[in-house]
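Colleague: 3D model of this:
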Amino acid sequence: MESTQKKPIVLAIDDSDDILLMLQLLLEEKYEIRTLSQPAKLKEMLAELTPDLFLLDYNMPELTGFDLMPIIRSFPKHKSTPVIYLTGVCSADFFTVATRLGACDYIMKPIDAEKLNDKIEKHIKA
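Modeller: The predicted model follows:
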């Protein structure tokens, strides 16, 4: 018999449809995955959705992951929602800024499925 317990909601934001599809396939068993490929639409999405965790691509053409953090944190219900960056950038400056903005973790691209699941499980409050 299937559990009626609600799955935690993970919102993945990335400009790559391939990455979003991969995240969906890797996570859909444990989580309700919502995806957003147009970061400019984040505000309107958050008006209707309350994710338990964000997976946020750092490097996007219109708005970077750093640009999106103040938008996420501007919603009172998301002042402390975990944010995990997905990034190909590996520098001390990146990690310092990400932490200062309120990110709780990061995952290097290419994404390792086991690390992804471990980090989400660690930060999500199911």
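Colleague: Any buried residues in the lowest-mean-pLDDT helix or strand in the chain, and which?
Modeller: Sorting the helices and strands of the chain by mean pLDDT, DSSP states H and E puts helix 92-101 at the bottom, at a mean of 89. Under the neighbour-count criterion of 16 or more other CB atoms under 10 Å, helix 92-101 has 94, 98, 101 buried. Quick note: C-beta positions are derived from backbone N, CA and C, even for glycine.
Colleague: can you tell me which of those residues lies nearest to Pro76?
Modeller: For those, the residue nearest Pro76 by CB to CB is Leu101; the value is 17.2 Å.
Colleague: my read: the closest one touches Leu68, true?
Modeller: No - with contacts counted by CB atoms under 8 Å, Leu101 stays clear of Leu68, the gap being 9.3 Å.
Colleague: ok, back up a step: how about residues contacting the least confident helix or strand of the chain?
Modeller: Contacts with helix 92-101, where a contact means CB atoms under 8 Å, 6 or more residues apart in numbering, come from 58, 65-66, 69-70, 85, 87, 106.
Colleague: Restricted to buried residues, select those residues in PyMOL.
Modeller: What follows is the PyMOL syntax selecting those of those that are buried according to 16+ other CB under 10 Å:
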select buried, resi 58+65+66+69+85+87+106
